[in-house]
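K.L.:
could you work out the structure for the sequence below:
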Amino acid sequence: MVDIQRVQLWRKYILAAGLAVMLAWTATVRAVPYLEHPVEHLGLVSILACILGRAWCSLYIGGRKKQEIVDVGPYSISRNPLYVFSFLGAFGVGAQTGSLVVAVVFAAAAYGVFRVVVGREEAFLVQAFGPPYEAYVSSTPRFLPNLSLWRDADVLSIRPVFFLRTVRDGLVFLLAVPVFESLELLQRAGGFTSLFQLP
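P.N.:
Numbers count the residues shown, from 1 in each chain. Model (predicted):
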């Protein structure tokens, strides 16, 4: 049997290690001056959309992931909308470097990590729910939302503790703003040399 908590713990370790590597790499990148601020602003909008989207998803799934198949709201159009919003957040974090290339690399790295995690989570859910979950898998895309599938619930039972935890966790994405601004200031002060310039 797949231990879902162990999978989630490994996901956090992998993300932390990956973030450290990405941070070291981005310290060597310099943005194209005329693109830098528009890309950073696009990134901030992406981060805010990530936080709001993740919070919206948690209204539907908060505390229910292991107990039932949630297939309404955002989960009616994508099996993993919370991760989809996390990809958007990763894009926004990378965009704080001022480089679209770095933003896309961050989003792709998040996709790579979550793709593995989702595979393990799905193995757990197949074991836990069997044919009903398999039917959900066959009718709902893993990541890319299909808006034509939208269904909603008449009533939602919300567990505030899970909602607030998701909002708190999402706020971590905003740390990218001061972190990358600090790296930029260090770069300008000669603290380290940028090796290449990326759009």
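
K.L.:
closest to the centroid, which residue in this protein?
P.N.:
The chain has residue 86 as the residue nearest its centroid, 1.3 Å off, counting by Cα atoms, centre = their mean.

K.L.:
which residues of the chain fall in strands?
P.N.:
29-31, 196-198 (DSSP state E).

K.L.:
can you list the strands that the first one pairs with?
P.N.:
Within its sheet, and counting by DSSP bridges, strand 29-31 is paired with strand 196-198 (parallel).

K.L.:
quick revisit: and the residue nearest to the centre of the chain, what does it touch?
P.N.:
50, 54, 110, 114 (Cβ atoms under 8 Å, 6 or more residues apart in numbering). The way it works is simple: take the backbone N, C-alpha and C, and place the C-beta from them, glycine included.

K.L.:
any chance of the residues you listed in JSON lines, plus distance to residue 122 and pLDDT?
P.N.:
Shown next, in JSON lines, are the contacts of residue 86 (distance: Cβ to Cβ, whole Å; pLDDT from 0 to 100):
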{"residue": "50", "distance to residue 122": "22", "pLDDT": "98"}
{"residue": "54", "distance to residue 122": "20", "pLDDT": "96"}
{"residue": "110", "distance to residue 122": "18", "pLDDT": "91"}
{"residue": "114", "distance to residue 122": "12", "pLDDT": "88"}
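
K.L.:
got these as JSON lines, with distance to residue 123 columns?
P.N.:
Formatted as JSON lines, the contacts of residue 86 follow (distance: Cβ to Cβ, whole Å):
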{"residue": "50", "distance to residue 123": "26"}
{"residue": "54", "distance to residue 123": "23"}
{"residue": "110", "distance to residue 123": "21"}
{"residue": "114", "distance to residue 123": "15"}
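
K.L.:
between those residues, which is nearest residue 12?
P.N.:
Nearest to residue 12 among those: residue 114, at 11.9 Å, using Cβ to Cβ.

K.L.:
how about that closest one: what's its closest non-neighbour residue?
P.N.:
residue 83 (4.7 Å; Cβ to Cβ, 6 or more residues apart in numbering).

K.L.:
pretty sure that neighbour contacts residue 118?
P.N.:
Yes: Residue 83 sits in contact with residue 118 when judged by Cβ atoms under 8 Å, with a separation of 6.6 Å.

K.L.:
weakest of the strands of the chain by average pLDDT?
P.N.:
Least confident of the strands of the chain, judged by mean pLDDT, is strand 196-198 with a mean of 62.

K.L.:
roughly how far apart are the residue lying closest to residue 90 once chain neighbours are set aside and residue 10?
P.N.:
The shortest distance from residue 90 to any non-neighbouring residue, by Cβ to Cβ, 6+ apart, is to residue 110 (3.6 Å). Taking Cβ to Cβ, to the nearest Å as the measure, residue 110 falls 15 Å from residue 10.
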